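> The sequence isn't on hand, but the structure is:
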């Protein structure tokens, strides 16, 4: 069975770079690893996804090693508005179905 | 474009009753997924529909069911409600058919079972 592990919480200060790592095993070999951000009272919001190596968009970078047993979300120069819960999402193939598995979430607090 | 909408936003039901939740995806999106979010279990995948067919599913009991209509709108039904079904139920839509899980979430329906 696929299992994901993320740190429960992290603290940072404005302007710093934040790296959040998700460990995951037994994930589907052909599916993306995806990260989401969630603010209170809102649904999760897509941040970034990747298959392997490094992906960068306007808000974050995602690093995935060759064995795909972990992924690291990198948020450059965080601001107070980045205070949120961050989830990794992986896929497990079980019984012929794709089962989407979210990590437990990392609560990031950005301080002034 | 309008975002994903879910109705109702809040719902209170009694144990043993059944409930139907509705989700309207973003226009043009054919994939709709449902999730349950609780403080204890986090975000858990219920099922995904694509072009009116259940394509993927999680590990929830048969009391949880869903369907998708030809206009991509989806409903989720929970029968014989239990106290543990109290949760935020999230719907997400995607324009992609395979391989990627870039999804757009609605605000959720908060279900309370008493």
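Okay, I see it. None of the values given here were measured: they were computed from a predicted structure.

> alpha carbons only for contacts and neighbour counts from here, please
Fine.

> Strands of the chain, start to end?
Picking chain A for this. Assigned by DSSP state E, chain A shows strands spanning A:3-5, A:9-13, A:18-25, A:33-38, A:45-50, A:53-56, A:61-64, A:70-75, A:84-94, A:97-102, A:106-111.

> Wait, chain B was what I had in mind.
So, for chain B - with DSSP E - the strands run B:5-7, B:10-13, B:19-24, B:31-38, B:42-50, B:53-57, B:64-68, B:74-78, B:87-94, B:104-105, B:109-113.

> Please work out how many residues are found near residue 26.
The chain I'm using is chain A. Residue A:26: 15 surrounding residues under other C-alpha atoms under 10 Å in any protein chain shown.

> oops, chain B please
23.

> quick one: pLDDT of the residue nearest the centre of chain B?
Nearest to the mean C-alpha position of chain B, by C-alpha atoms, centre = their mean, lies residue B:34 at 3.0 Å. pLDDT recorded at residue B:34 is 97.

> Which pLDDT value goes with the residue lying closest to it once chain neighbours are set aside?
Nearest residue to residue B:34, sequence neighbours excluded (C-alpha to C-alpha, 6 or more residues apart in numbering or on different chains): residue B:91, at 4.6 Å. Per-residue pLDDT puts residue B:91 at 97.

> cool, residue A:1 as well?
For residue A:1, pLDDT reads 67.

> Residue A:93 too?
The per-residue pLDDT of residue A:93 was computed as 75.

> Bridging across strands, which residues link to it?
Under DSSP bridges, the beta-bridge partners of residue A:93 are residue A:98.

> ok, it - contacts?
A:27, A:28, A:99 (C-alpha atoms under 8 Å, 6 or more residues apart in numbering or on different chains).

> For chain B, state which of those residues is nearest.
For the contacts of residue A:93, the closest approach to chain B (C-alpha to the nearest C-alpha) belongs to residue A:99, at 5.4 Å.

> Quick check: that closest one touching residue B:60?
No: here residue A:99 does not reach residue B:60: they are 11.2 Å apart, not a contact under C-alpha atoms under 8 Å.

> Contact residues of chain B facing chain A?
Taking C-alpha under 8 Å from any C-alpha of the partner chain as the measure of proximity, chain B contacts chain A at B:41-45, B:55-58, B:90, B:99-108.

> Selecting buried members of those in PyMOL, what would you type?
This is the PyMOL syntax for the buried subset of those, where burial follows 16 or more other C-alpha atoms under 10 Å in any protein chain shown:
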select buried, chain B and resi 42+43+44+45+55+56+57+58+90+100+101+102+103+104+105+106+107+108
